[in-house]
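> return atomic coordinates for the entry below.
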Amino acid sequence: MADASTDAAGRGVTREGEPVRVLGIEGTAWCASAAVYDGERDDFRIESDAYEPESGGIHPREAAEHMHDAIPRVVETALDWARERHDGDGPPVDAVAFSRGPGLGPCLRIVGTAARALARSLAVPLVGANHMVAHLEIGRHQSGFASPVCLNASGANAHLLGYRDGRYRVLGETMDTGVGNAIDKFTRHVGWTHPGGPKVEERARDGEYVELPYVVKGMDFSFSGIMSAAKQAYDDGVPVEDVCRGLEETIFAMLAEVTERALSLTGSDELVLGGGVAQNARLTRMLREMCDARGAEFYAPEPRFLRDNAGMIALLGAKMYAAGDTLPIEDSSVDANFRPDEVPVTWRDGEDVTIAPESGAEIRGAEAVVDVGDVVTKRRVPKLYRHPELDERLRATRTRSEARLTHAARAEGVPTPVVREIDDDEGTLVFERVGDCDLAHALTPERVRAVGEHLAAIHAAGFVHGDPTTRNVRVAPDARDTDTGDGSDGDDAGGERAFLIDFGLGYHSEQVEDYAMDLHVFDQSLVGTATDPDPLRAAVRDGYRDAGDDRVLDQLAAIEGRGRYQ
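The predicted model follows:
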């Protein structure tokens, strides 16, 4: 499948003032693709040949065989286009870029071998691109946004990314499987062929919403429970159209919610969408409605740049080449678990994603509007992007949970605001006013250590916070003026008091994994927002170790050792 376009917006990539032309090769899983990016015209030639399994999902051996056969064809066609545009001596491209990962190892190795051979034969530099960063960069490049939050929703991955201190930091991600793979697991169960996403989208149009598990933890999310429930519903005779509608409404609402949390945390008013699942019209509509309600800008690339394609690899390769970021052949091994936050971002000096400042008497968070006066009134506003039944259920249950667990934490000696009033029908809570600022604006090891101690205390009492981020801790510089009601003088963290707030995602649990995930969510908020997170990460662990169960810290290490967090 050939593809070409021209964009006269003047965004062409140059090196030392001269436009660059780069060949990109993509082959992380199912699509063998080659493309040439021409920096003079800021346009592309993309040639793709997709693998289509006869049944079930992607078979790595068959996919690799497809890459072996198709890569030479698509590369030659793309190079012919470059040769037609080339005038003068020398090679038709300035560099060869390839998908180094993440992806299926057998496929990546074939693509890497082809890229090395081609770079040698053309005598041009080699560039190794991260597939997920390429999804982000194509959207950032075409939108013209300065420093957006990016939601990558692809087959094997799902990330929320923001640029900070020279890297794309992971603000949130899947705790188990990628969003596309999760949907494919259901469609394989039903007996549909790969890819399953378009089939679910088509059937969902005629379905009625059915309730399925909804799991978000801070800006992380999980799909395993919803997939099991969807399979069971289908086996129990629920019409497949209704299950598909429930899947779309639930999964995409989860993605929209965590994305709004990322926008709220960072204060960004720009969102870029990437990945193959982003071709789903319901997902893009939800995200657009969410951004419109926040006054944020939203951009989704055209479909050919959302699915796996070499155009995004060629563009990222051009930017890396222009920055002098190339690979010696001997250092060009592929990495099936190549994470986006492992990539030094050498090609940009744009604005960092920062922490949104607090201002005014009204604060708009991810799911509520907070009016700050002598007391704090929190109103969970309806989310128009969510199905009304789902939205009503979440607003009511979270309001009740927040009131109940805020009080329960206080009973365990953890500083929390006193709950003055609750109206779960309207999703409204009234609290005493505590603290002078969020922890996000006053990060010190002492304060962070206190958070570790507080989390250990609520875990010992058998419940989790669910969303312990640096925005959900309030800091009071002089605790002696605060009557906690627990008999203490409030003197911790070096004369300061760290109050835990916003227990709306909390729940009772006796699982060590759930306690460790609480710590992981807080840890990720430090990594995503602190300039120097390592001393803070050590401090929260020290605080937890002194007051909590070592098994939780061991489980946290196990979580961080899994492939998706490595």
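> the stretch 101-250 of the chain: helices as residue ranges?
Applying DSSP state H, counting those that start in this stretch to the stretch 101-250 of the chain gives helices spanning 105-122, 131-143, 179-190, 197-204, 224-235, 240-266.
> which of those helices sits closest to P53?
helix 179-190 (10.3 Å; Cβ to Cβ). Bear in mind the C-beta positions are built from the backbone N, C-alpha and C, glycine included.
> not counting that closest one itself, show me its contacts.
For helix 179-190, the surrounding residues in contact (Cβ atoms under 8 Å, 6 or more residues apart in numbering) are 56-57, 153-156, 158, 176-177, 193-197, 199-200, 223-224, 226-227, 230-231, 234, 240, 243, 247, 251, 255, 275-277.
> give the ChimeraX command for selecting the buried subset of those.
Buried residues among these (16 or more other Cβ atoms under 10 Å), as a ChimeraX selection:
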select :57,153,154,155,156,158,176,177,194,195,196,197,199,200,223,226,227,230,231,234,240,243,247,251,255,275,276,277
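> so A34, which of the three states?
When classified by DSSP: H, G, I helix; E, B strand; the rest coil, A34 comes out as strand.
> and it, how far from T399?
53 Å (Cβ to Cβ, to the nearest Å).
> neighbour-wise, which of the two wins?
Shown here are A34 and T399; by other Cβ atoms under 10 Å, A34 has more neighbours (36 against 23).
> need the three-state assignment for the closest residue to G218 other than its chain neighbours.
Excluding its sequence neighbours, the residue lying closest to G218 (Cβ to Cβ, 6 or more residues apart in numbering) is V521, at 3.6 Å. What three-state DSSP gives for V521 is helix.
> which residues sit in contact with V521?
K217, G218, M219, D220, G466, D467, P468, T469.
> which residues of the stretch 1-150 of the chain score low on pLDDT?
1-10, 54-57 (pLDDT under 70).
> can you check the chain too?
For the chain (pLDDT under 70), the answer is 1-10, 54-57, 350-362, 477-496, 562-566.
> how is it divided into domains?
2-129+307-336, 142-304, 404-416+434-565 (automatic domain parsing).
> burial of D235, as a residue count?
10.
> one step back: closest to A318 out of the contacts of V521?
Distance to A318, by Cβ to Cβ, is smallest for M219 among the contacts of V521, at 30.9 Å.
> how much space between that closest one and L273?
16 Å.
> relative to R364, how far out is T406?
Distance from T406 to R364, by Cβ to Cβ: 21 Å.
> between these two, which one's more packed in?
Using other Cβ under 10 Å as the criterion, T406 and R364 rank with T406 on top: 24 against 15.
> follow-up on the earlier one: and the helices of the stretch 101-250 of the chain: which comes nearest G17?
helix 131-143 (18.7 Å).
> which residues does the closest residue to W81 other than its chain neighbours form beta bridges with?
Spatial nearest neighbour of W81, excluding adjacent residues (Cβ to Cβ, 6+ apart): R45 at 4.0 Å. With DSSP bridges as the criterion, R45 is bridged to A4, V36.
> so what secondary structure elements neighbour the one helix or strand I25 maps to?
Using DSSP states H and E, the element containing I25 is strand 21-26. When contacts are defined as 3 or more Cβ pairs under 8 Å, 6 or more residues apart in numbering; DSSP states H and E, strand 21-26 sits against strand 31-38, helix 60-85, strand 95-101, helix 105-122, helix 310-322.
> can you list the strands that it pairs with?
strand 31-38 (antiparallel), strand 95-101 (parallel).
> with distance to C107 added, can I get those in a markdown table?
Putting the strands paired with strand 21-26 into a markdown table (distance: least, Cβ to Cβ, whole Å) gives the following:
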| stretch | distance to C107 |
| --- | --- |
| strand 31-38 | 9 |
| strand 95-101 | 9 |
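> show me where the stretch 401-550 of the chain has strands.
Assigned by DSSP state E, counting those that start in this stretch, the stretch 401-550 of the chain shows strands spanning 419-423, 428-432, 437-438, 463-464, 473-476, 497-500, 507-508.
> show me what contacts L316?
G24, A97, A129, N130, V133, A134, E137, I138.
> now render those residues as a markdown table, adding distance to G144 and neighbour count.
Converted to a markdown table, the contacts of L316 look like this (distance: Cβ to Cβ, whole Å; neighbours: other Cβ atoms under 10 Å):
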| residue | distance to G144 | neighbour count |
| --- | --- | --- |
| G24 | 21 | 33 |
| A97 | 22 | 34 |
| A129 | 21 | 31 |
| N130 | 22 | 24 |
| V133 | 18 | 26 |
| A134 | 18 | 30 |
| E137 | 13 | 27 |
| I138 | 12 | 25 |
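> thanks again, I'm all set now.
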